[in-house]
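> sequence-free structure coming up:
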Ligand code: URA
């Protein structure tokens with residue numbers, strides 16, 4: 001089976017999931033979106049209202065800001081894969097509960113097994129605490145790269161945090177530029193540097 005077929009198969013399983021109580025309040029399960037051959041995986045926290053309505057991650061205000069950063073550094077959104085720790089929206093966008101994360105993480109693990117992305121970027125503290133280190137400090141450690149097996153991981157500020165506190169946007173831009181530099185090195189998309 002191709003990656004695309006595998007992801008579609010797993011998406012269908014996820015859409016029928018009842019592993020936690022969020023299945024009772026969701027409109028749509030938000031499995032993930034992007035290229036089945038992505039070299040770069042972004043992992044956010046959980047769907048918000050717009051995502052719950054559409055079934056697509058990062059399409060609301062935070063998503064539109066993420067799109068601006070991707071565009072600014074020249075990473076096409078459709079070339080990467082975007083998913084969340086939780087596939088269903090927590091009521092009133094509250095933080096995910098540990099038991100919801102435990103119930104949902106197998107879906108993300110499957111996505112990682114299928115995609116095998118050399119680069120994983122956590123969007124915000126919640127994803128970083130699950131994927132990098134339990135005591136991850138986003139203010140001190142955003143933009144720092146960690147090697148875990150065959151993966152290079154880092155975390156950047158969550159776009160919602162940038163909406164609340166625009167003073168973080170300069171740091172975000174620096175982190176995104178480094179993500180793009182590493183992405184180019186992987187995909188062979190680096191320019192000659194002569195122009
Ligand atoms: N915030 C997230 O963490 N994920 C989304 O998909 C949307 C907003």
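Everything's here; your move. Since the structure is predicted, the reported quantities are computational estimates derived from the model, not experimental observations.
> Got phi/psi on the spatially most central residue of the chain?
Among the residues of the chain, the one closest to the centroid is residue 43, at 1.9 Å (C-alpha atoms, centre = their mean). With angles defined as degrees, to the nearest 10, residue 43 sits at phi -120, psi 120.
> Give the burial count for the closest residue in space to it that isn't next to it in sequence, as a bare number.
Spatial nearest neighbour of residue 43, chain neighbours left out: residue 127 (4.5 Å); criterion: C-beta to C-beta, 6 or more residues apart in numbering. Where you see a C-beta, it was placed from the backbone N, CA and C, and this is true even at glycine. Residues near residue 127, counting by other C-beta atoms under 10 Å, number 29.
> Kindly report the same for the one 3 residues further on.
Neighbours of residue 130 under the rule other C-beta under 10 Å: 20.
> Surely it is in a strand?
No - Residue 130: not assigned to a strand; according to DSSP: H, G, I helix; E, B strand; the rest coil it is helix.
> distance of it from residue 30?
17 Å (C-beta to C-beta, to the nearest Å).
> Need the contact partners of stretch 91-101.
If you take C-beta atoms under 8 Å, 6 or more residues apart in numbering as the criterion, stretch 91-101 is touched by 20, 22, 25, 45-46, 48-49, 85-86, 90, 104, 126, 130.
> Out of those residues, flag the one nearest to residue 151.
residue 130 (13.6 Å; C-beta to C-beta).
> List of residues touching the helix or strand harbouring the residue nearest to residue 43?
If you go by DSSP states H and E, residue 127 is part of helix 125-131. For helix 125-131, the surrounding residues in contact (C-beta under 8 Å, 6+ apart) are 43-46, 84-85, 95-96, 101, 105, 120, 122, 135-136, 138, 141, 153, 155, 158.
> From residue 32, how far off is whatever residue of the chain ends up closest to the ligand?
Closest to the ligand within the chain is residue 44: 3.0 Å, counting by C-beta to the nearest ligand atom. Distance, residue 44 to residue 32, by C-beta to C-beta: 10 Å.
> if I look at these two, which residues touch both of them?
Residues touching both residue 44 and residue 32 (C-beta under 8 Å, 6+ apart) are 57, 82, 83, 84.
> Alright, calling it a day.
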